[in-house]
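Undergrad: just the structure for this:
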Amino acid sequence: MTAYTRAGTGAPLVLLHGIGGDRHAWDPVIGPLAERFDVIAVDLPGHGESDPLPAHVEPSPEALASAVAGLLDDLNVTTPHLAGNSLGGWVALELAAIRPVASLALLSPAGLWRGRTPVFNRVSLRTIRTLARYGRRPLCRLVRYPPARRLVFAQTHGRPARFTADYARRAVLAMGTCPAFDATMAATVPRRYVAGPAIDAPVTVAFGTRDRVLLRRRSRHVDQLPPGTRVETLRGCGHVPMGDDPPAVATFIVRAAERAGRSRAR
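TA: Modelled structure (predicted):
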């Protein structure tokens, strides 16, 4: 079973979160996006309320994309817009390689490194996971207070004092209880995104100026993305920008989708 939240009407827009997260990472932007789209925020396999992949299936970005494709088939969703953060951005790229999509809006996408996942990325994510896994009870109490949120989310967010205590608590619980974290890390570490079949949809990517997970020189090789990819900057945002600046993120996704309309008009 793949869990999801659905809201709004219009063209379908699928939202894909990062490793150790869940669909609630998108909560700050679902409202404004639902005014224009049929929004489907998905829990990736083994994250949130979604079942893990079968034991014999490695949870690689390609396998996660196949699972999302299966959900879209079940929902009779064709040619959706995609928005993905971190691992979700990588999954969006793999999904676009196996089925038609209208556009891709990638927020701090993973996989844009040379060779294996950089050591810094691995250490950062495992440290965050360890703290959330073994300290989630005290952390869930602490993050009620803005100064504590600044400390707890300093690595992943640019403006953690801005988002709500409930959003912070959900993020801690998602990371701390994610059953597929270790297997997903093991599946992604030896890989990077490799462009396969041509993606016939406009790609727009954005990195936050306060992203402390994806280092500029090691993890942002946008030349690996399809030709014509547009690169933007989200000022003041971290690696997970949806809580840092919801209006800017929603606007970014809308602009990325509008590129699809302009491309079809040509």
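
Undergrad: hey, let's count contacts and neighbours off CA atoms from now on
TA: Noted.

Undergrad: which residues of the chain fall in helices?
TA: Secondary structure of the chain (DSSP state H): helices located at 27-34, 61-74, 87-98, 119-142, 146-152, 165-177, 181-188, 216-219, 246-265.

Undergrad: work out the gap between the last one and the centre of the chain.
TA: Put plainly, it is helix 246-265. 17 Å (Cα atoms, centre = their mean, to the nearest Å).

Undergrad: go on, the longest one?
TA: Between the mean C-alpha location of helix 119-142 and the chain-wide mean there is a distance of 18 Å, by Cα atoms, centre = their mean.

Undergrad: in it, what counts as buried?
TA: 121, 125, 128-129, 132-133, 136, 139-140, 142 (16 or more other Cα atoms under 10 Å).

Undergrad: quick one: mean pLDDT for that helix?
TA: Average pLDDT, helix 119-142: 87.

Undergrad: other residues contacting that helix?
TA: Applying Cα atoms under 8 Å, 6 or more residues apart in numbering, the external contacts of helix 119-142 come out as 20, 148-149, 152, 155, 168-169, 172-173, 175-177, 189, 213-214.

Undergrad: show me which pair in the residues you listed is furthest apart.
TA: A148 and V189 (30.6 Å; Cα to Cα).

Undergrad: show me where pLDDT drops low in this structure?
TA: For the chain, the stretches with pLDDT under 70 are 116-117, 196-197, 261-266.

Undergrad: centre-most residue in it?
TA: In the chain, the residue lying closest to the centroid (Cα atoms, centre = their mean) is N85, at 2.2 Å.

Undergrad: for that one, which non-adjacent residue is spatially closest?
TA: Counting by Cα to Cα, 6 or more residues apart in numbering, N85 lies nearest to L107, which is 4.6 Å off, once chain neighbours are set aside.

Undergrad: what does G115 give?
TA: Distances taken as Cα to Cα, 6+ apart place R192 nearest to G115, at 6.3 Å, with adjacent residues excluded.

Undergrad: related to what we said a few turns ago, distance of the residue nearest to N85 from A41?
TA: 15 Å (Cα to Cα, to the nearest Å).

Undergrad: also P52?
TA: The gap separating P52 from A41 is 17 Å, by Cα to Cα.

Undergrad: these two: which is more packed in?
TA: A41 (24 against 20; other Cα atoms under 10 Å).

Undergrad: so the more buried one makes contact with R23?
TA: Yes. The criterion here is Cα atoms under 8 Å, and A41 meets it with R23 at 5.4 Å.

Undergrad: now do the shared contacts for those two.
TA: 4-5, 15-16.

Undergrad: tell me how far V203 lies from P179.
TA: Taking Cα to Cα as the measure, V203 and P179 are separated by 31 Å.
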